[in-house]
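Asker: how would this look folded up:
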Amino acid sequence: MHPDLAFALGLADLADSFSLPRFRAHDLVVDTKPDLSPVTEADRAVEEALRARIAEERPGEVVVGEELGDGGPAETRWIIDPIDGTKNYSRGIPIWATLIALEQAGELTVGVASAPALGRRWWARRGEGAFADGQPIHVSAIARVEEAVVSYTTSSLLRHGDALLDLVARAWHARTFSDFWQHLLVAEGAAEIALESGLNLWDVAALQVIVEEAGGRCTGLDGRPWTADGGLVSSNGLLHDDALLVLAPPTV
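Answerer: Predicted coordinates:
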């Protein structure tokens with residue numbers, strides 16, 4: 001295993017050791033951030049622990065994290081979402097994960113998603129394929145929306161309205177699987193299209209590496225490479241253009 005991936009998996013082990021014991025704790029401390037989203041003591045503890053480990057073992061490499069900010073420009077950056085799905089975490093719903101990505105010279109090269117309450121972990125390194133729980137994964141070969149599983153967030157539905165409902169109505173099966181999980185279902189071949197609005201770098205980076213190494217495709221909702229604060233569409237590639245047809249920016 002490449003040292004970068006091995007280190008990232010070690011970070012995931014460390015994250016799980018902080019997040020899982022506090023999951024469903026009766027005395028879990030939950031605060032509200034200025035944007036009205038929740039943040040728990042576990043979010044902060046995980047990110048602090050990962051930052052400390054990186055500083056100790058990978059000096060000179062900076063961290064971009066959801067809770068503690070951007071460490072500044074550098075050739076190598078670790079991009080961390082300590083708990084993706086904090087609303088779920090804070091309410092005892094087990095669909096949450098720590099997302100860890102490595103960016104080198106502007107390219108995302110490693111992605112790890114660890115969901116200990118689900119007992120699942122996914123990872124990938126560029127050029128080496130994608131894995132879930134130690135087994136190789138690949139996107140599906142389904143090429144018709146009418147045979148596809150489509151997942152979307154409510155924010156995407158509110159933004160794209162009737163157009164998205166048309167895509168959902170055509171799908172064989174449609175659900176809102178939530179946050180990181182829907183994109184990893186695409187990587188595993190269990191879903192074909194996942195749509196989500198209003199994401200940050202730490203929400204996207206690890207997932208993009210895993211989906212693409214599983215043979216899928218990730219773009220912004222306009223079909224271009226993802227940009228900050230934009231939405232994400234991930235797919236098995238074969239149905240990507242079908243998804244993009246409904247995602248043109250709404251006219252005023």
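
Asker: Tally up the residues packed near Gly223, please.
Answerer: Burial of Gly223 is recorded as 15 neighbouring residues (other CB atoms under 10 Å). Where C-beta positions appear, they are placed from N, C-alpha and C, glycine not excepted.

Asker: which stretches of the stretch 51-200 of the chain aren't confidently modelled?
Answerer: The stretch 51-200 of the chain contains residues with pLDDT under 70 at 154-161, 163.

Asker: Run through the strands of the stretch 101-250 of the chain in chain order.
Answerer: For the stretch 101-250 of the chain, the strands defined by DSSP state E, counting those that start in this stretch cover 107-115, 120-125, 130-132, 135-137, 149-152, 173-175, 193-196, 217-219, 232-235.

Asker: Buried residues in the first one, which are they?
Answerer: Of the residues in strand 107-115, 108-115 count as buried by neighbour count, 16 or more other CB atoms under 10 Å.

Asker: follow-up on the earlier one: let's have the strands of the stretch 101-250 of the chain in CSV, adding distance to Ile210.
Answerer: Shown next, in CSV, are the strands of the stretch 101-250 of the chain (distance: least, CB to CB, whole Å):
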stretch, distance to Ile210
strand 107-115, 5
strand 120-125, 4
strand 130-132, 5
strand 135-137, 8
strand 149-152, 15
strand 173-175, 20
strand 193-196, 12
strand 217-219, 9
strand 232-235, 9
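
Asker: before we move on, back to that, report the two of the buried residues of strand 107-115 separated the most.
Answerer: Thr109 and Ala115 (21.6 Å; CB to CB).

Asker: per-domain residue ranges of this structure.
Answerer: 3-128, 145-244 (automatic domain parsing).

Asker: Determine which stretch of the ones you listed is the most buried.
Answerer: Each of those was scored by mean neighbour count; the highest is domain 145-244, a mean of 21, by mean count of other CB atoms under 10 Å.

Asker: Tell me the helix or strand right after the helix of greatest length in the chain.
Answerer: Ordering each helix of the chain by length in residues (DSSP state H) puts helix 3-22 first. Once the chain leaves helix 3-22, the next helix or strand it forms, by DSSP states H and E, is strand 30-32.

Asker: what's the nearest residue to Ala187 if we skip its chain neighbours?
Answerer: Closest residue to Ala187 apart from its sequence neighbours, by CB to CB, 6 or more residues apart in numbering: Ala214 at 4.0 Å.

Asker: you'd agree the one you found is up against Ala130?
Answerer: Yes. If you go by CB atoms under 8 Å, Ala214 and Ala130 touch, sitting 3.9 Å apart.

Asker: Need the overlap of contacts for these two.
Answerer: 124, 137-138, 187 (CB atoms under 8 Å, 6 or more residues apart in numbering).

Asker: Need the residues you listed in TSV (columns: distance to Leu11).
Answerer: Output for the shared contacts of Ala214 and Ala130, formatted as TSV (distance: CB to CB, whole Å):
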residue	distance to Leu11
Ala124	15
Ile137	21
His138	25
Ala187	20
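
Asker: what about the helices in the stretch 151-252 of the chain?
Answerer: With DSSP state H, counting those that start in this stretch as the criterion, the stretch 151-252 of the chain has helices at 154-170, 179-188, 201-213, 240-244.
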